[in-house]
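K.L.:
here's a sequence, model it:
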Amino acid sequence: MLISGTVQRVGFRHIIQGIARRHRITGCVKNLEGYDVQIIAEGNSEDLSHFKDEISIQDYPIYVENIDVCEESFTGEYSYFEITRGTPEEELAERFDSAIAIFSRMEKKQDIAIDLGRETVSLQKESLSLQKETLSLQKETLSLQNDTISLQKETLHEVKGIRQDLNKTLTQEIAEVKEELREIRSALIQAGIMRYAHS
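P.N.:
Down below sits the predicted model:
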């Protein structure tokens, strides 16, 4: 597969490796000269189809514009899915860019959570307004209050779900940042820029 778009120096290869593992795909991913990425993927047709669908990422800063597929006979050459690395300098630069991309995704998710929080507050204000109106109506009071309580429960359930999803996402993103930082440190040590220090 030849992937074009904004796919280099944004952590794309690392994400592709994770998707490949989930779909039991073997092969490799590597940056090509210029801006494209090449993926060699081996697996059964159903897994390959799911893999192709999932790698079509359009979530800032990654933006896959096109996927050109060339099918060939299965060779069994790969026992797992690997990232083909470039020079230590190129990989170090990519690690920094990947870390920036992860922080960028975290910031975007935090903005979404803040917007959802504001919508929740707005819904709660509307709910209180409805409660005040129901007090003035005798026959419709119970029906409107039940609807309002149901709306509040759904809102609280959604807020709890959002918080749980955000916590899970942030924990995963922080783990990825830590892994990227470990890889950056290792690359710096291998490049002779930093000395190994016992902690």
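
K.L.:
could you use CA atoms for every contact and neighbour count after this?
P.N.:
Noted.

K.L.:
what is the longest helix along the chain packed up against?
P.N.:
Identified as the longest helix of the chain according to DSSP state H is helix 141-190. With contacts taken as 3 or more CA pairs under 8 Å, 6 or more residues apart in numbering; DSSP states H and E, helix 141-190 sits against helix 88-135.

K.L.:
hang on, the earlier thing: quick check: mean pLDDT of the longest helix of the chain?
P.N.:
For helix 141-190, the mean pLDDT works out to 79.

K.L.:
apart from its chain neighbours, what residue comes closest to Glu42?
P.N.:
Of all residues not flanking Glu42 in the chain, Thr26 sits nearest, at 5.1 Å (CA to CA, 6 or more residues apart in numbering).

K.L.:
might one say that Phe12 is in contact with Ile62?
P.N.:
Yes. Phe12 lies in contact with Ile62 (CA atoms under 8 Å); the separation is 6.9 Å.

K.L.:
for the helix or strand bottoming out on mean pLDDT in the chain, packing partners?
P.N.:
Ranked by mean pLDDT, DSSP states H and E, the weakest helix or strand in the chain is helix 88-135, scoring a mean of 74. Judged by 3+ CA pairs under 8 Å, 6+ apart, the packing partners of helix 88-135 are helix 141-190.

K.L.:
compute the inter-axis angle for the helix it packs on and helix 88-135.
P.N.:
Between the axes of helix 141-190 and helix 88-135, defined by axes from the mean of the first three to the mean of the last three CA atoms, to 10 degrees, the angle is 170 degrees.

K.L.:
cheers, nothing more for now.
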